[in-house]
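S.K.: What follows is a predicted structure for the sequence shown.
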Amino acid sequence: MKPSIWNFLLLLFCSTALAQPLPTPTNLAAIQQAEKQVVVLNNPSGLVPVTDLLNVKTAVVNGRYAQQAVFDSLAAKYSPVTVFSLGAAPTDSVLFDLHDRLKLYNLVVITLSDSSPFGPKLLNFIADQQAIKQVVVVLTGSGKNLAGLESLRCPIIWYPANTAEGASAAAQILFGGMASANRLETTFSTLFKAGSGYSTPKIRLGYSVPEAVTVSSKRLKVIDSLMAVAIADHVTPGAVVLLAKDGKVIFHKAYGHHTYTRDAVTKPDDLFDLASVTKVSATTPAVMRLLDQKALDLKTPISTYVARTRTIPDKATVTIREALLHEAGYTPYIKFYEQLKPLDLSFDSSAAYPTKVADRFFLRANYFEEVMWPVTLQSKGGTRGKFVYSDVSMYMMKEVIETVSHQKLDEFVQNEFYRPLGMTSTGYLPRNRFPRSRIVPTTENDNWFRNMRVQGYVNDPGAAMAGGVEGHAGLFANANDLAILYQMYLNKGSYGGRTYIQPATVDLFTAEQSKTSGRGYGFARAPNPKQGAKAYPSALAYGHSGYTGTYVWVDPKYNLVYICLTNRVYPDDSKTYGKPSLNIRALILDRFYEAVVQGR
């Protein structure tokens, strides 16, 4: 007999082994001590922090650096890193071989400690690298070894104590997750004198502990218990939860497994099908960007860009503004799969069946243009001026974006946002870029037309049949990437030293723009009380939910970003699994608000 959630409520104030901790140090005093000790030297060019993530290819060369795993895990949150080893006593042959293997990387980070093989060979190797690419040396330990690097002209990030906290701070300073204004307290050489050092800014998310932003870790333990309840009651087989406060990720845990058969443990960097979170993570920012470029206007009729709507009375005059507010009168949802005929699908790929909708399952060529788009254009709504949440609005906005930008939607958002922001996992069609094991399955049986496991292909049938790229669904991401995007929104459009959206545009889209619904342009602005959310969010808060079990939320009043990713529709979207009993996304948000408001 399936257990009820109420049988597990006693767990609410107990810890659980299901949670995987964020791979960063947890001792606040040690973290603060390390932050005071790290000094940036040799940085007149301003290479540190690294600003251009779009064009950087990072290699880390481990020169017997004891905290390499900590450094690598933090660095990888900003940019993909490939790790090489210098060896204990590298010969010329070893160093020449390493030089050649580094040919594809334009940023080389060399991590050194008191155990490193210091000497002419190492210095020559570093000098060789800095002559042809950007190099940063991360050094921990004796100032004597720091003095031995005086001949180098590349930046050096130095700290004395060889600790995990120091490695974490060094990685964050390198990529701007943490500011540094420290100076040497001791003179070690002619160049490295007391008082030497460069100040570097914080330009990206940092990673720390709740107490660093006056939030109690103890108060957040209830999240583990809530997730234990949710998993035990089959609300979702697994989840990843993240909270950022004051520009620092202070909570990032993975829970449970990909499925109820426990075939794969959920990991913090797993990718989830975002469902309707796509609307505010791809389509809406694309519109914001094009608005800033004066390539479109919110008051302009969609028919200006989508010519086939000009002859359709209920669509000819609908504006972009109305579509973003879901007040365009479009029908809420179209069951495109009901149009399918046996000859529309094939188990084999070919020129006649190129559109992959699942493993070993293909749709015939031009199906969207010949069937789906005509059905969309002729669909009836009749509720213009009223709030009726509609996926069709975002089908229309995708066509507008592609017409104006002359790029496919997936290419536009990758080029304009994801890649330069350092969002290394976010995008459409994830099976083209990542192993299946990194992607959490959405369903075992979608109950619509595939009748098989859906893993790495968008769950929404319309988006799947359109080729996996649509304005309302199709995006996949991990929690850290989403935290970057929504921190950019919280920063009023800036991140990493670059402006992606003008502050006035962010304010416009996230403010209340409809008295009918209270929504912004694209964004929801208040959790639905019927879903169990309490009145913690401020009047400035905004975000969106996704049908598959995803949720993003930003509250400028409390300077927080909340990400919750689940696959709640697994295994087959049945309503017999207790899902209505526990809205885990809203409950966790409430607990975060309580911890933030109540502090330590």
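M.R.: All right, it came through fine. Just so we're clear, the structure is a prediction, and the values are computed from it rather than from any experiment. Residues are numbered from 1 along each chain as shown.

S.K.: Surely residue 420 touches residue 56?
M.R.: No. Counting by Cβ atoms under 8 Å, residue 420 sits too far from residue 56 to count as a contact (10.5 Å). For every residue, glycine as well, the C-beta is placed using N, CA and C.

S.K.: how about the residue nearest to the spatial centre of the chain, phi and psi?
M.R.: By Cα atoms, centre = their mean, the chain has its centre lying nearest to residue 481, at 1.5 Å. Note on residue 481: backbone dihedrals following degrees, to the nearest 10 are phi -60, psi -40.

S.K.: Next, work out how far apart it and residue 177 are.
M.R.: 15 Å (Cβ to Cβ, to the nearest Å).

S.K.: Pull the contacting residues for residue 64.
M.R.: For residue 64, the contact set (Cβ atoms under 8 Å, 6 or more residues apart in numbering) comprises 86, 88, 112, 113, 115, 116, 117.

S.K.: where in the stretch 451-600 of the chain is pLDDT low?
M.R.: 527-535, 574-581, 600 (pLDDT under 70).

S.K.: which residues of it fall in strands?
M.R.: 475-477, 494-495, 498-499, 542-546, 550-555, 560-566 (DSSP state E, counting those that start in this stretch).

S.K.: Out of these, indicate the one that is most buried.
M.R.: strand 475-477 (a mean of 31; mean count of other Cβ atoms under 10 Å).

S.K.: Run through who's touching that one.
M.R.: So strand 475-477 is in contact with 271-274, 277-278, 281-282, 423, 425-428, 430, 439, 456, 458, going by Cβ under 8 Å, 6+ apart.

S.K.: Repeat that for stretch 118-135.
M.R.: Contacts for stretch 118-135 (Cβ under 8 Å, 6+ apart): 47, 63, 86, 90-92, 95, 98-99, 102, 105-110, 112, 116, 137, 145, 148-149, 151-155.

S.K.: So for that stretch, mean pLDDT?
M.R.: Averaging pLDDT along stretch 118-135 yields 95.

S.K.: try stretch 190-206
M.R.: 97.

S.K.: For that stretch, list every residue counted as buried.
M.R.: 192, 196, 197, 198, 200, 202, 203, 204, 205, 206 (16 or more other Cβ atoms under 10 Å).

S.K.: start to end distance for stretch 150-157?
M.R.: 13 Å (Cα to Cα, to the nearest Å).

S.K.: Thought residue 430 was touching the residue nearest to the centre of the chain, still the case?
M.R.: No. Counting by Cβ under 8 Å, residue 481 sits too far from residue 430 to count as a contact (11.6 Å).

S.K.: Near residue 154, how many other residues are there?
M.R.: For residue 154, the neighbour count with other Cβ atoms under 10 Å is 22.

S.K.: What are the phi and psi values at the closest residue to it other than its chain neighbours?
M.R.: The shortest distance from residue 154 to any non-neighbouring residue, by Cβ to Cβ, 6 or more residues apart in numbering, is to residue 135 (4.1 Å). With angles defined as degrees, to the nearest 10, residue 135 sits at phi -130, psi 140.

S.K.: Residue 135 and residue 171, how far apart?
M.R.: Applying Cβ to Cβ to residue 135 and residue 171 gives a distance of 16 Å.

S.K.: More neighbours: which of these two?
M.R.: Set residue 135 next to residue 171 and count neighbours by other Cβ under 10 Å: residue 171 wins out with 29 against 23.

S.K.: What is the burial count for the residue lying closest to that one once chain neighbours are set aside?
M.R.: Nearest-residue entry for residue 171: residue 74, 3.6 Å, with adjacent residues in sequence omitted and distances by Cβ to Cβ, 6+ apart. For residue 74, the neighbour count with other Cβ under 10 Å is 26.

S.K.: repeat for residue 80
M.R.: 13.

S.K.: The closest residue to it other than its chain neighbours: neighbour count?
M.R.: Spatial nearest neighbour of residue 80, excluding adjacent residues (Cβ to Cβ, 6+ apart): residue 424 at 5.5 Å. By other Cβ under 10 Å, the residues close to residue 424 number 20.

S.K.: sorry, back to before: now restrict the contacts of residue 64 to buried residues only.
M.R.: Buried among those by 16+ other Cβ under 10 Å: 86, 112, 113, 116.

S.K.: Hmm, the last one is touching residue 65, no?
M.R.: What that stands for is residue 116. Yes. Between residue 116 and residue 65 a contact is recorded at 7.3 Å, counting by Cβ under 8 Å.

S.K.: Outline the domain layout of the protein.
M.R.: 28-207, 224-598 (automatic domain parsing).

S.K.: Show me the one of these that comes nearest residue 214.
M.R.: domain 224-598 (8.7 Å; Cβ to Cβ).

S.K.: Residue 516 is nearest to which of the strands of the stretch 451-600 of the chain?
M.R.: strand 542-546 (16.7 Å).

S.K.: who's in contact with the closest one?
M.R.: In this structure, residues lying in contact with strand 542-546 by Cβ under 8 Å, 6+ apart are 273-280, 473, 486, 510, 520, 522-525, 551-554, 562, 585.

S.K.: Which stretches in the stretch 351-500 of the chain count as helices?
M.R.: For the stretch 351-500 of the chain, applying DSSP state H, counting those that start in this stretch gives helices covering 367, 373-378, 391-405, 409-413, 419-421, 461-465, 479-490.

S.K.: among the ones you listed, which is nearest residue 234?
M.R.: Closest among the helices of the stretch 351-500 of the chain, using Cβ to Cβ: helix 479-490, at 22.0 Å.

S.K.: Looking at the helices of the stretch 351-500 of the chain, which is nearest to residue 51?
M.R.: Closest among the helices of the stretch 351-500 of the chain, using Cβ to Cβ: helix 419-421, at 9.8 Å.

S.K.: tell me what that closest one is packed against?
M.R.: helix 479-490 (3 or more Cβ pairs under 8 Å, 6 or more residues apart in numbering; DSSP states H and E).

S.K.: which residues touch the helix it packs on?
M.R.: Residues contacting helix 479-490 (Cβ under 8 Å, 6+ apart): 77, 204-205, 240-242, 244, 247, 249, 252, 268-269, 277, 281, 285, 417-418, 421-426, 494-495, 500-501, 506, 510, 543, 552, 554, 556, 559, 561, 563, 565.
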